[in-house]
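I would like to see how this sequence folds:
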Amino acid sequence: MTTKRRFSKLRHREKLESREGLQETLYLAIESVLQTDGPKIRLPAMRAASEIAAIIVSQIVCQPDAIQRAFKTIEEDIPNYATEFATELTQIALGQVSRRLVRLKASRSEPTATLKLADDWAGPVAGPTEIERFFGIPRSTLYRWQKRNEAVALNTRSSSKPVFPLRQFADGRPVPGIAEVISIVGSPRQAWEWLISPNFQLKEQSPIDVLHAGDIEGVVSAARNLAPNDTTVIPFKIST
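Sure thing, here's the model as predicted:
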């Protein structure tokens, strides 16, 4: 048993040293490329990009074969994951700067009015990370629904990445009828505006509530009957 443990520790140490060596090699190589091809990149950004890329690559390629093969299942979603990661990292960096500025201005702080954000109208929303954590819907699934216009995703002032209105979900997926409305209206944002607004064709109920009640045909019919000068959603295409 002792021999096996020592052997296991030895292999772990060898793998760790191999990964750290690869990481250092990648860091130097990436930094060299950025210095040559990106002369306008600031030094802190260059170092951060080099280190992040080196760490991620070395961590992935040193995984067991089974885990490496598993990455094929998320190939389509890798750009979204990478963009989300870079965005969150940028926000963290900007947050550090903002906190420094707040400390500098603390002595001159004055009460200010709360600015109404552009996404306040949309109701409760959440980003992919929060939805996956609290509702169990994988981010890859959310991105797929967004790409196929099967769910409403909104760009907002309070988030640098798309957020999803929570009222559109039922039983872990978009309520039936959402995709049809987006297809008719032509814009997820305008579709959501229409879905949450009282509608005279639906007895002043909001279309999203009617969808949750199961009347898909009624909502789709109301969407198709929108007049071109209807200001609830402007402008939009009506499918034939």
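
can you give me the helices in this protein?
2-37, 43-61, 65-70, 78-105, 128-135, 139-147, 178-185, 188-195, 207-212, 216-224 (DSSP state H).

can you lay out the ones you listed as a markdown table showing distance to F169 and mean neighbour count?
For every residue, glycine as well, the C-beta is placed using N, CA and C. Shown next, in a markdown table, are those (distance: least, C-beta to C-beta, whole Å; neighbours: other C-beta atoms under 10 Å):
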| stretch | distance to F169 | mean neighbour count |
| --- | --- | --- |
| helix 2-37 | 40 | 12 |
| helix 43-61 | 31 | 14 |
| helix 65-70 | 27 | 10 |
| helix 78-105 | 19 | 12 |
| helix 128-135 | 7 | 15 |
| helix 139-147 | 10 | 18 |
| helix 178-185 | 9 | 22 |
| helix 188-195 | 13 | 22 |
| helix 207-212 | 10 | 21 |
| helix 216-224 | 16 | 18 |
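
where are the low-confidence patches of the chain?
Across the chain, the ranges flagged by pLDDT under 70 are 1-17, 37-39, 93-120, 157-160, 227-240.

tell me the contacts of V57?
Shown in contact with V57 (C-beta atoms under 8 Å, 6 or more residues apart in numbering): L22, Q23, L26.

at 7 Å instead, please
L26 (C-beta atoms under 7 Å, 6 or more residues apart in numbering).

what separates it from D65, distance-wise?
Distance, V57 to D65, by C-beta to C-beta, to the nearest Å: 17 Å.

what's the answer for S206, then?
52 Å.

now do E84
For E84, the distance to D65 - C-beta to C-beta - is 27 Å.

do P44 as well
Counting by C-beta to C-beta, the gap from P44 to D65 is 37 Å.

same check, this time on L195
Taking C-beta to C-beta, one finds L195 at 47 Å from D65.

one more: L142?
Here the distance between L142 and D65 works out to 29 Å (C-beta to C-beta).

same check, this time on V220
In terms of C-beta to C-beta, V220 sits 48 Å off from D65.

can you pull the contacts of E204?
Applying C-beta under 7 Å, 6+ apart, we find E204 in contact with P198.

ok, A179 next?
Neighbours of A179 in contact, by C-beta under 7 Å, 6+ apart: N149, E150.

where's it relative to L22, distance?
For A179, the distance to L22 (C-beta to C-beta) stands at 45 Å.

please apply the same query to I137.
35 Å.

what's the answer for A48, then?
19 Å.

one more: A170?
For A170 relative to L22 (C-beta to C-beta), the value is 47 Å.

now swap in Q201 and tell me
For Q201, the distance to L22 equals 63 Å [C-beta to C-beta].
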